[in-house]
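**Student:** Mind looking at a prediction? Sequence and model below.
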Amino acid sequence: MEARSRAPSKQLCPRGGMLLAFASLLGCLLTSSQAKVYSRCELAKVLHDFGLEGYRGSTLADWVCLAYFTSGFNTAAVDHEADGSTNNGIFQINSRKWCKNLDPEVPNLCQTYCSDLLNPNLKNTVICAMKITQQPQGLASWEAWRRHCQGKDLSDWVDGCDL
């Protein structure tokens with residue numbers, strides 16, 4: 001009987017590396033499966049149901065315009081700033097001040113994780129946006145609103161929506 005010797009097999013990827021790659025892929029799939037891009041009227045209805053019409057003098061059209069110019073109505077939008085902060089969710093709420101990320105020094109004025117602002121149900125996002133508009137600048141806290149929405153006729157943003 002001949003003794004068989006088996007040459008050690010070469011792994012293309014070490015076991016730990018394979019697990020890490022799988023976990024990363026799974027994380028991406030879970031995040032993207034929860035992403036939602038609202039239609040204009042669908043978002044107007046949701047924001048109306050949350051009571052944003054008339055909140056602190058704003059109109060529903062203000063909010064819809066803001067969401068379009070910050071995220072394109074995408075709940076999973078994340079923009080990375082040069083200072084390391086992120087703008088998160090449909091209203092692109094910044095992690096420097098408003099939500100908790102990996103930096104323990106962040107004030108987290110909305111008392112929420114930045115990842116919670118990516119949720120398609122928008123509850124945490126709307127609550128945080130309402131806190132932001134309680135600041136003296138109101139909706140002008142968002143550069144996108146100042147540049148694209150402020151002082152303009154925004155009626156088209158909600159025109160034809162069944163509210």
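**Tutor:** Great, that's in hand.

**Student:** where does the chain have low pLDDT?
**Tutor:** Filtered on pLDDT under 70, the chain yields the residue ranges 1-33.

**Student:** Tell me where it has strands.
**Tutor:** Under the criterion DSSP state E, the chain carries strands at the ranges 78-80, 86-88, 93-94.

**Student:** What helices and strands are in contact with the last one?
**Tutor:** Spelled out, that is strand 93-94. Contact partners of strand 93-94 among helices and strands, from 3 or more CB pairs under 8 Å, 6 or more residues apart in numbering; DSSP states H and E: strand 86-88, helix 123-133. In short, each C-beta sits where N, CA and C put it, glycine included.

**Student:** Quickly run through the sheet partners of the first one, with directions.
**Tutor:** Strand pairing for strand 86-88, determined by DSSP bridges: strand 78-80 (antiparallel), strand 93-94 (antiparallel).

**Student:** Return the most buried member of those strands.
**Tutor:** Here the criterion is mean neighbour count by mean count of other CB atoms under 10 Å, and of the strands paired with strand 86-88 the winner is strand 93-94, at a mean of 23.

**Student:** what separates that one from the chain centre, distance-wise?
**Tutor:** Counting by CA atoms, centre = their mean, to the nearest Å, strand 93-94 is centred 8 Å from the centre of its parent chain.

**Student:** Contacts for it next, please.
**Tutor:** When contacts are taken as CB atoms under 8 Å, 6 or more residues apart in numbering, the neighbours of strand 93-94 outside the stretch itself are 81, 85-88, 99, 110, 114, 117, 125, 128-129, 132.

**Student:** The same query, at a cut-off of 7 Å, please.
**Tutor:** Residues from elsewhere that reach strand 93-94 (CB atoms under 7 Å, 6 or more residues apart in numbering): 85, 87, 99, 117, 128-129, 132.

**Student:** And stretch 141-150, by the same measure?
**Tutor:** For stretch 141-150, with CB under 7 Å, 6+ apart as the criterion, the contacting residues are 62, 65-66, 69-70, 132-133, 135, 139-140.

**Student:** end-to-end on that stretch?
**Tutor:** Criterion CA to CA, to the nearest Å; first-to-last residue distance in stretch 141-150 is 11 Å.

**Student:** circling back: now tabulate the strands of the chain in a markdown table and tack on distance to Asp162.
**Tutor:** Below are the strands of the chain laid out as a markdown table (distance: least, CB to CB, whole Å):
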| stretch | distance to Asp162 |
| --- | --- |
| strand 78-80 | 31 |
| strand 86-88 | 29 |
| strand 93-94 | 28 |
